[in-house]
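Enquirer: Would you be able to build a 3D model of this:
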Amino acid sequence: GARAGAGGQRLWGGRFTGATDPLMDKFNASLPFDRRMAQEDVAGSQAYAKALHLCGVLAEDEAQALVDGLAAVGEEWEQGTFEVQPGDEDIHTANERRLVELVGAVGGKLHTGRSRNDQVATDTRLWLLRRLLGLRRHLRQLIEVAAARAEQEADVLMPGFTHLQPAQTVRWSHWLLSHAAAWQRDDQRLADLLPRVATLPLGSGALAGNPFKVDRQFLAAELGFEGGVAPNSMDAVSDRDYVCETVFWAAMASMHLSRWSEDLIIYSSGQFGMVRISDAYATGSSLMPQKKNPDALELLRGKAGRVLGSLVAMLAVMKGTPSTYNKDFQEDKEALFDAVDTMDDCLQIAAGCLSTLEVNPEAMLRGLSADMLATDLAEYLVRKGVPFRETHHIAGAAVKLAEDRGCELSDLTCEDLAPLCSAFEDDVVDVWDFERSAEMRDSEGGTSSRSVREQVAKLRAYLEDTSA
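Expert: Model (predicted):
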């Protein structure tokens, strides 16, 4: 639409003469949720007013009146004094209606050459860019907490699991860094996304472009769109990739938090007791006095399903829409807002949980068992020159021998093992050492003390090299 005025006049109302069904007004309205973009709408309109002056549509005093009037509108939102009126169907209509009330008829010039199609895309990108920068700060803080704990508790041993079955000896710090590696990829994905969010759609009009030669490069610089100008006006008003990508990023990051939470929920259970969740992130049972429930971690796990639902919803909304703008796109806001808000909370809660939980090294050691050294036994024979495929079968036979005798694998003597392979010697007793097992995994990325400290250093270097 091309014009607006006071008294709740719709931006698109010129050709319509009949009254709208009141239910349709409610069904169509987005102000209840897009009002959170009030300041971004003000900023975009101020930049557009300046651009209209530069291309000769507005006199200098007219442009200044609009800029000042919009600042007053923004202040009303900031102070909570903005009064919503009937007919304020979205944040753009509301702000322009109030602007006209404040500055008079010149306010009706603001929308010259502009459509709500490019306006809403601009507002959403501005809002999202600011929020993504905040999310990245929270994510990087979580990574730093993991790095700090891994450094402080580098030598603590624990059982490592595959298929949730005891597998091999690892270090607590190695486990921490395994999740930090996933969070690092989340940070990389977020950094890669930012330039695509910071791409300017304003100046595209409804779909065909702006007829007044508005300087879109000026608009991009004025609004901080470092990704430049959207190259095609039809795509610019239609593109919601940045919304889908953001919600995908949130779904992926929340999935990583969910897996991390699941580990800690298991490790903190009574049967394991390897970690203790701080009281600040747990609750009790309304019935059973002894219970301490890891509610924060369970909610992190549950929120991942919620964010995944938002991703599916966004892709489903977009998949059947024809080219350029469609009203379906209004459905992107609540999915996007909820995903961003959810991740904002989740990242901070995760950092709080991780920074305050207590480790029980004794319980972790109790979780280690000699059968977890079966692979080490096979590797012992490899060092004696026996092919690994043979040593794997020999170590398996040793495990069965211990089971048949009802003893630990480490209780088997060299004499017990000798019938299985002539390469066994008295030094086989060195295998039954969990610390040694961990230290033998000294390759890059492994669980040795040196390796985990190297991983911490690399992670810290990444944070330093990619800091703003």
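
Enquirer: Can you show me the helices along the stretch 151-300 of the chain?
Expert: Ranges of helices in the stretch 151-300 of the chain, per DSSP state H, counting those that start in this stretch, are 172-197, 216-223, 233-238, 241-267, 295-319.

Enquirer: ok, and what's touching stretch 156-168?
Expert: By Cβ atoms under 8 Å, 6 or more residues apart in numbering, the residues outside stretch 156-168 that reach it are 169-175, 266, 274, 359, 361, 364-365, 367-369, 371-372, 375, 434-435, 437-438, 447. The way it works is simple: take the backbone N, C-alpha and C, and place the C-beta from them, glycine included.

Enquirer: which of those residues count as buried?
Expert: Burial by neighbour count, 16 or more other Cβ atoms under 10 Å: within these this picks out 169-175, 266, 274, 359, 364, 367-368, 371-372, 375, 434, 437-438, 447.

Enquirer: Just these: which are in strands?
Expert: Judged by DSSP state E, those include 169-171, 359 as members of strands.

Enquirer: and which of those is nearest to Ala148?
Expert: Val359 (13.3 Å; Cβ to Cβ).

Enquirer: pretty sure the closest one contacts Ala154?
Expert: No. Assessed by Cβ atoms under 8 Å, Val359 is found out of contact with Ala154, at 11.8 Å.

Enquirer: mind listing the strands for the stretch 51-200 of the chain?
Expert: Per DSSP state E, counting those that start in this stretch, the stretch 51-200 of the chain carries strands over the ranges 157-162, 165-171.

Enquirer: Now the last one: average pLDDT?
Expert: Confidence over strand 165-171, taken as the mean pLDDT, stands at 97.

Enquirer: so what strands line up beside it?
Expert: For strand 165-171, sheet partners with direction are given as strand 157-162 (antiparallel), following DSSP bridges.

Enquirer: now the strand it pairs with against helix 172-197, angle please.
Expert: 60 degrees (axes from the mean of the first three to the mean of the last three Cα atoms, to 10 degrees).

Enquirer: Turn the strands of the stretch 51-200 of the chain into a markdown table, columns for distance to Asp442.
Expert: Listed next are those as a markdown table, based on distance: least, Cβ to Cβ, whole Å:
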| stretch | distance to Asp442 |
| --- | --- |
| strand 157-162 | 15 |
| strand 165-171 | 12 |
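
Enquirer: the bottom helix or strand of the protein by mean pLDDT?
Expert: Ranked by mean pLDDT, DSSP states H and E, the weakest helix or strand in the chain is helix 22-28, scoring a mean of 85.

Enquirer: packing partners for that one?
Expert: Judged by 3 or more Cβ pairs under 8 Å, 6 or more residues apart in numbering; DSSP states H and E, helix 22-28 is in contact with no other helix or strand.

Enquirer: still on that earlier bit, return the closest of the ones in strands among the buried ones among the contacts of stretch 156-168 with respect to Glu83.
Expert: So of those, ranked by how close each gets to Glu83 (Cβ to Cβ), first place is Val359, at 54.7 Å.

Enquirer: Can you tell me how far the residue lying closest to Asp344 once chain neighbours are set aside is from Arg149?
Expert: Leaving aside its chain neighbours, Asp344 sits nearest to Leu135 (6.1 Å; criterion: Cβ to Cβ, 6 or more residues apart in numbering). Using Cβ to Cβ, to the nearest Å, Leu135 is found at 22 Å from Arg149.

Enquirer: Contacts only, for Ala350.
Expert: Contacts of Ala350 by Cβ under 8 Å, 6+ apart are 142, 257, 260-261, 300.

Enquirer: in the stretch 301-450 of the chain, which spans are helices?
Expert: 332-356, 361-366, 374-383, 388-405, 414-417, 434-440, 449-465.

Enquirer: So which of these is nearest Ser30?
Expert: helix 332-356 (6.5 Å).

Enquirer: the inter-axis angle of the closest one versus helix 172-197?
Expert: Using the same axes, to 10 degrees: helix 332-356 against helix 172-197 is 150 degrees.

Enquirer: got the buried residues for helix 332-356?
Expert: 332-333, 335-340, 342-343, 346-347, 349-354.

Enquirer: any idea of the mean pLDDT for that helix?
Expert: The model assigns helix 332-356 a mean pLDDT of 97.

Enquirer: doesn't Leu300 make contact with Tyr281?
Expert: No. Look at Tyr281 against Leu300 with Cβ under 8 Å: they stay out of range, at 9.8 Å.

Enquirer: which residues are common contacts for those two?
Expert: 349, 353.

Enquirer: neighbour count winner among these two?
Expert: Leu300 (27 against 19; other Cβ atoms under 10 Å).

Enquirer: if we can go back for a sec, looking at the strands of the stretch 51-200 of the chain, which is closest to Leu194?
Expert: strand 165-171 (34.3 Å).

Enquirer: Please state the offset of the closest one from the chain centre?
Expert: 29 Å (Cα atoms, centre = their mean, to the nearest Å).

Enquirer: Nearest residue to Phe388 in space, please, no chain neighbours.
Expert: Per Cβ to Cβ, 6+ apart, closest to Phe388 is Val382, 5.3 Å.

Enquirer: Under the pLDDT cut-off, which ranges of this structure? List them.
Expert: 1-20, 284-291, 468 (pLDDT under 70).

Enquirer: Quick check: the gap between Glu454 and Ala147.
Expert: 12 Å.

Enquirer: Do I have it right that the residue nearest to Phe388 meets Arg389?
Expert: No. If you go by Cβ under 8 Å, Val382 and Arg389 don't touch, sitting 10.1 Å apart.

Enquirer: Just give the number of residues close to Gln85.
Expert: Neighbours of Gln85 (other Cβ under 10 Å): 14.

Enquirer: and Ala29, what does it touch?
Expert: 89-90.

Enquirer: before we move on, back to that, how about a markdown table for the helices of the stretch 301-450 of the chain, with distance to Gly320 added?
Expert: Listed next are these as a markdown table, based on distance: least, Cβ to Cβ, whole Å:
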| stretch | distance to Gly320 |
| --- | --- |
| helix 332-356 | 14 |
| helix 361-366 | 52 |
| helix 374-383 | 52 |
| helix 388-405 | 53 |
| helix 414-417 | 67 |
| helix 434-440 | 54 |
| helix 449-465 | 41 |
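
Enquirer: Those helices: which one's closest to Gly305?
Expert: With Cβ to Cβ as the measure, helix 332-356 is the member of the helices of the stretch 301-450 of the chain nearest Gly305 (10.7 Å).

Enquirer: mind checking how far that closest one is from the chain centre?
Expert: 7 Å.

Enquirer: ok, now stretch 262-272?
Expert: 24 Å.

Enquirer: burial count for Gln79?
Expert: 8.

Enquirer: And for the one 5 residues further on?
Expert: Residues contacting Val84 under the criterion other Cβ under 10 Å number 12.

Enquirer: do Gly209 as well
Expert: Neighbours of Gly209 (other Cβ under 10 Å): 17.

Enquirer: Excluding chain neighbours, give the residue nearest to the spatially most central residue of the chain in space.
Expert: Centroid-nearest residue in the chain: Ala250, 3.8 Å away (criterion: Cα atoms, centre = their mean). Using Cβ to Cβ, 6+ apart and skipping residues adjacent in sequence, the residue nearest Ala250 is Ala339, 4.3 Å away.
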